[in-house]
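**Q** build the 3D model from these lines:
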Amino acid sequence: MKPSGIRKFFDVAAAMPNCVSLGVGEPNFVTPDIARLAAIRSIADGETKYTSNSGLLELRKAISRYLQERFDLAYDPAQVIITVGVSEAIDNSLRAVLNPGDEVLIPEPCFVAYAPCVTLAGGVPVGIPCTADNGFILTPEVLEKYITDKSKLLFFPYPTNPTGGIMSKEQMEAITPVIIKHDLLVLSDEVYAELTYGEKTHVSIATLDGMYERTITLNGFSKAFAMTGWRIGFVAAPKEIITQVLKIHQYAIMCAPTAAQYAALACLEDGFKNNFAEVEKMKAEYDRKRKYLHTSLVEMGLSCFEPLGAFYMFPCVKSTGMDGEEFANAFLQAQEVAVVPGGAFGDCGKDYIRISYAYSMEKLQIAMERMRKFLNK
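**A** Okay, the predicted model is just below:
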């Protein structure tokens, strides 16, 4: 397996004192006060032991309510496991359902960890190229083309990293007959579910007819709640599946960090009281940066799909005569701005770069000015 293409450029940028790094998908917001104080209070109160393997019951109850109220998803607390970020949820879910040689369908460009986690679980990753001309969505015709008798599971990563593409309910309904026809499981990574813009709101594929019983839903607190370093995610699934996921989680991890679970609980309790005002405030700021960055890139002459979710921009740099890898390297050396080559997210992304706009407006403005200079030369 190749090292992460994201971390490669992040590490180089860290060694350059004047570098503006737009490579990592990490909110520039500090975790809300109420969460930090809850964690401190739990430590001061001596709540420093293991929780149950599945996680604090209070937190799992809150997550069940959160999924129901925000996304119309009905999961009992017994169907929820608190994990060490969504990363652990991905790994455990794959190991729970895959047999050696099972094929896993992955719409690309996609998060860099999907294919390696499939390989580590004994499966075979099968990339499905999606294109900018239709918003990087998965169509039934393309999905059908890549299904074989070995296909077991479909990754469903909307809103997507790195493109910011989303799928509407109608678009999802177009592919569900194909999923059901071939009896596929679905691993739905919804960590960016709160971050959709304009009139578009997130729809979970598990809410569609015939999909609940075959869908594993993943989500977490890193992105929408600015809690990346706390490492709190969760997996929710039908009882037959969650029972198997729990076996792996309890042997490999035991439980997620206790103080971080109390912090996550505080975020949800505050959200229920205040209509998730903290999340909405951060989302509004991301939207402002999204509009600024997209306008800037288009004005520079780059072809750039307008993302409707997450916090990434995925412009095509083919018009410069360079692919994404060449562009990112040259841009870093010439202007000390770090972006990620699109090829890190799958071969179909090789002519693109990924820019995260989860940074301060000041950094984004500096980066865009340096890009103008770079492109002018």
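**Q** residue 363 and residue 19 touch, don't they?
**A** No - using Cβ atoms under 8 Å, residue 363 makes no contact with residue 19, being 10.5 Å away. Where you see a C-beta, it was placed from the backbone N, CA and C, and this is true even at glycine.
**Q** what's the neighbour count on the closest residue in space to residue 350 that isn't next to it in sequence?
**A** Leaving aside its chain neighbours, residue 350 sits nearest to residue 343 (4.1 Å; criterion: Cβ to Cβ, 6 or more residues apart in numbering). Neighbours of residue 343 under the rule other Cβ atoms under 10 Å: 19.
**Q** against residue 78, how distant is residue 343?
**A** 42 Å (Cβ to Cβ, to the nearest Å).
**Q** same question for residue 364.
**A** 44 Å.
**Q** swap in residue 323?
**A** From residue 323 to residue 78 the distance is 49 Å (Cβ to Cβ).
**Q** give me the more crowded residue out of the two.
**A** residue 323 (18 against 14).
**Q** what about the helices in the stretch 51-200 of the chain?
**A** Using DSSP state H, counting those that start in this stretch, the helices assigned to the stretch 51-200 of the chain run over residues 57-71, 85-97, 114-120, 140-146, 169-181.
**Q** can you check the stretch 251-377 of the chain too?
**A** Counting by DSSP H, counting those that start in this stretch, the helices of the stretch 251-377 of the chain are 258-274, 277-299, 324-335, 361-376.
**Q** please identify the most buried of those helices.
**A** helix 258-274 (a mean of 21; mean count of other Cβ atoms under 10 Å).
**Q** okay, that helix in PDB with CA atoms only?
**A** Extracted as PDB, the C-alpha positions of helix 258-274 are listed here (Å, rounded to 0.1, in the frame of the first residue of the first chain):
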ATOM      1  CA  THR A 258     -14.100   8.200  28.100                       C
ATOM      2  CA  ALA A 259     -13.500  12.000  28.400                       C
ATOM      3  CA  ALA A 260     -14.100  12.400  24.600                       C
ATOM      4  CA  GLN A 261     -17.400  10.600  24.900                       C
ATOM      5  CA  TYR A 262     -18.500  13.000  27.600                       C
ATOM      6  CA  ALA A 263     -17.500  15.900  25.300                       C
ATOM      7  CA  ALA A 264     -19.500  14.400  22.400                       C
ATOM      8  CA  LEU A 265     -22.500  14.000  24.700                       C
ATOM      9  CA  ALA A 266     -22.300  17.600  25.700                       C
ATOM     10  CA  CYS A 267     -22.300  18.700  22.100                       C
ATOM     11  CA  LEU A 268     -25.500  16.800  21.300                       C
ATOM     12  CA  GLU A 269     -27.300  17.900  24.500                       C
ATOM     13  CA  ASP A 270     -26.500  21.500  23.700                       C
ATOM     14  CA  GLY A 271     -27.600  20.900  20.100                       C
ATOM     15  CA  PHE A 272     -31.000  19.600  21.200                       C
ATOM     16  CA  LYS A 273     -31.500  22.700  23.400                       C
ATOM     17  CA  ASN A 274     -30.300  25.300  20.900                       C
END
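**Q** from the contact counts, what lies against the lowest-mean-pLDDT helix or strand in the chain?
**A** Using mean pLDDT, DSSP states H and E, the weakest-scoring helix or strand in the chain turns out to be helix 5-14, at a mean of 72. Where contact means 3 or more Cβ pairs under 8 Å, 6 or more residues apart in numbering; DSSP states H and E, helix 5-14 is packed against strand 20-21, helix 324-335, strand 337-338, strand 340-341.
**Q** looking at those, which is nearest to residue 118?
**A** strand 340-341 (20.9 Å; Cβ to Cβ).
**Q** report all helices and strands that the closest one contacts.
**A** helix 5-14, helix 324-335, strand 353-356.
**Q** quick one: mean pLDDT over that strand.
**A** Averaging pLDDT along strand 340-341 gives 94.
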